[in-house]
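S.K.: Need coordinates for the following:
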Amino acid sequence: MRLNQNTMLLGKKVVLVPYTSEHVPRYHEWMKSEELQRLTASEPLTLEQEYAMQHSWREDADKCTFIVLDAEKWQAQPGATEESCMVGDVNLFLTDLEDPTLGEIEVMIAGVGVGASLLAPFSSLRGVTTLGLTKFEAKIGQGNEPSIRMFQKLHFEQVAASSVFQEVTLRLTVSESEHQWLLEQTSHVEEKPYRDGSAEPC
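M.R.: Model (predicted):
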């Protein structure tokens, strides 16, 4: 999504940056993991396919993707590449044409030492303030208990279960009180231009 291509979100433990071609090799290595493929219901791609996917996601109007960096590592090592500090990604998908206020959220943590529960408030707040979303859904494999518990801690409630796809759907409706909670959870977050606002070349 071009809407977030020049946006960086800085927190105490994580930094969110747009998904660029620089991040693809590390991301590709992550997705070779059969466990991650299972948890994310993903098929393995070639490196060339991964680059094409990154480019299409950057152009698509219905996907907002951030790469998650370990803030401590990124800030403590001058000259450290973003690729070396990557620990996961956060995605918002705007796939319901009949309800533009609904976004599907995905969180993937491939690194260690960063709590996944820190990430959803970033994406939810971004969705509320920038995209006008008021409802968020997460579709999670029935066997992925850690992710289910994480989203439940973030006030998501189960609304559906599919035996066919072996997944559950959890939803968060952003009421006034939930919006205030999101603001409190992200009060320390700074929004800054990504790379001084320079866009990634096509």
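S.K.: what ranges do the strands span in this structure?
M.R.: 7-10, 14-18, 63-70, 86-93, 102-109, 135-141, 157-162, 167-173, 190-193 (DSSP state E).
S.K.: To L36, which of those strands lies closest?
M.R.: strand 102-109 (7.1 Å; Cβ to Cβ). Backbone N, C-alpha and C define where each C-beta goes, glycine included.
S.K.: partners of that closest one in the sheet?
M.R.: Paired neighbours of strand 102-109 in the sheet (DSSP bridges): strand 86-93 (antiparallel), strand 135-141 (parallel).
S.K.: what's in contact with stretch 146-166?
M.R.: The contact list for stretch 146-166, computed with Cβ atoms under 8 Å, 6 or more residues apart in numbering, reads 39, 107, 116-117, 120-121, 124, 136-138, 140-143, 167-172, 178, 181.
S.K.: Show me what the spatially most central residue of the chain is bridged to.
M.R.: With distances taken as Cα atoms, centre = their mean, V90 lies nearest the centre of the chain, 0.7 Å away. In this entry, V90 is beta-bridged to F66, V107, by DSSP bridges.
S.K.: sorry, back to before: in CSV, list the strands of the chain along with distance to Q49.
M.R.: Output for the strands of the chain, formatted as CSV (distance: least, Cβ to Cβ, whole Å):
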stretch, distance to Q49
strand 7-10, 26
strand 14-18, 20
strand 63-70, 16
strand 86-93, 17
strand 102-109, 18
strand 135-141, 23
strand 157-162, 27
strand 167-173, 24
strand 190-193, 31
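S.K.: so can I have TSV of those showing distance to F151 and mean pLDDT?
M.R.: Shown next, in TSV, are the strands of the chain (distance: least, Cβ to Cβ, whole Å; pLDDT from 0 to 100):
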stretch	distance to F151	mean pLDDT
strand 7-10	20	90
strand 14-18	17	92
strand 63-70	16	91
strand 86-93	13	90
strand 102-109	8	89
strand 135-141	5	92
strand 157-162	9	96
strand 167-173	5	95
strand 190-193	24	90
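S.K.: Where does pLDDT dip in the protein?
M.R.: 111-118, 196-202 (pLDDT under 70).
S.K.: show me where it has helices.
M.R.: 24-30, 34-40, 47-59, 71-76, 82-85, 119-131, 145-153, 176-185 (DSSP state H).
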